[in-house]
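Q: here you go, sequence then predicted model.
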Amino acid sequence: MILILLGAPGAGKGTQAQRLMNEHGLVQLSTGDMLREAVANKTEYGIKAKAAMDAGELVTDEIVVNIIADRIGHDDCKNGFILDGFPRNVPQAEALDAMLSEKGLKLDHVVLMTVDEEELTKRIIGRFTCSSCNEGYHDEFKRPAVDNVCDKCGGTDFTRRKDDNIETVQARFETYRSQTEPLLPYYESKGVLSKVNGMSAIEEVAGEIKAVLGV
């Protein structure tokens, strides 16, 4: 099974991808990880990618697609894989389809995790974490029973991610809308796009995705 999870930043794509990996033996393929691996292993396209990066240039879609093509030939991808971070636009989607077709493969499902941007922004900017045990909390939805004391370990030091602020979150949403949303009609026309409610509880979202995949 070949799968793409789409959704706005913070929609929970990583969480659901991890579940699919654990439960169905799929491999999550991150574009960044594949690039770093190809560069480290000095593959043909890894060398080309490094030359582009060293020159301060963007790695071309051709190089990225060929790095993906090499990676999906590994044994751990035999049961299928989930693409993370690619494609980001229609030309990349077209290049991906062409590469898969050359290998006798096809994209089975594109799952869009829909969200309410205003509500999701609240979720993101309100979250904080215990520095000692990494237990997660939220200003509105999950506060410690005793203020400033972790329920799990009793720690009193909490941290917030620097990019969990409204300006950064809104900028990420804008990038998503301008770059990724145009993929939706493309995949809809291919008959592979399905939508699930990304605002539901994690278990409910997982159930919706399983229903789409038929697993």
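A: Yep, that arrived.
Q: Gly32 and Cys153, how far apart?
A: 32 Å (Cβ to Cβ, to the nearest Å). In short, each C-beta sits where N, CA and C put it, glycine included.
Q: name the SS class of Gly46, please.
A: helix (DSSP: H, G, I helix; E, B strand; the rest coil).
Q: what does Leu29 give?
A: Applying three-state DSSP: Leu29 is strand.
Q: partner residues bridging it?
A: Leu83 (DSSP bridges).
Q: which outside residues touch stretch 75-86?
A: 1-5, 13-14, 17, 20-21, 24-32, 64, 68, 71-72, 92, 96, 108 (Cβ atoms under 8 Å, 6 or more residues apart in numbering).
Q: likewise stretch 166-174?
A: Contacts for stretch 166-174 (Cβ under 8 Å, 6+ apart): 8-10, 117, 121, 124-125, 163.
Q: what of stretch 112-124?
A: Counting by Cβ under 8 Å, 6+ apart, 5-13, 16, 138, 140-141, 164, 166, 169-170, 173, 184, 193-199, 205 sit against stretch 112-124.
Q: among those, which are in strands?
A: Applying DSSP state E to the contacts of stretch 112-124, the entries found in strands are 5-7, 138, 193-197.
Q: give me the buried subset of these.
A: Buried by 16 or more other Cβ atoms under 10 Å: 5-7, 193-196, out of the ones in strands among the contacts of stretch 112-124.
Q: I'd like those residues as CSV, with distance to Ile209 appended.
A: Shown next, in CSV, are those (distance: Cβ to Cβ, whole Å):
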residue, distance to Ile209
Leu5, 8
Leu6, 12
Gly7, 11
Leu193, 13
Ser194, 9
Lys195, 11
Val196, 6
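Q: which of the residues you listed sits closest to Lys42?
A: Proximity of these to Lys42 (Cβ to Cβ) peaks at Leu5, which lies at 30.6 Å.
Q: related to what we said a few turns ago, tell me the one of the ones in strands among the contacts of stretch 112-124 nearest Thr180?
A: Of these, the one sitting nearest to Thr180 (Cβ to Cβ) turns out to be Leu6, at 6.4 Å.
Q: which SSE is the closest residue to that closest one other than its chain neighbours in?
A: Counting by Cβ to Cβ, 6 or more residues apart in numbering, Leu6 lies nearest to Leu112, which is 4.8 Å off, once chain neighbours are set aside. Following DSSP states H and E, one finds Leu112 within strand 109-114.
Q: alright, I will stop here.
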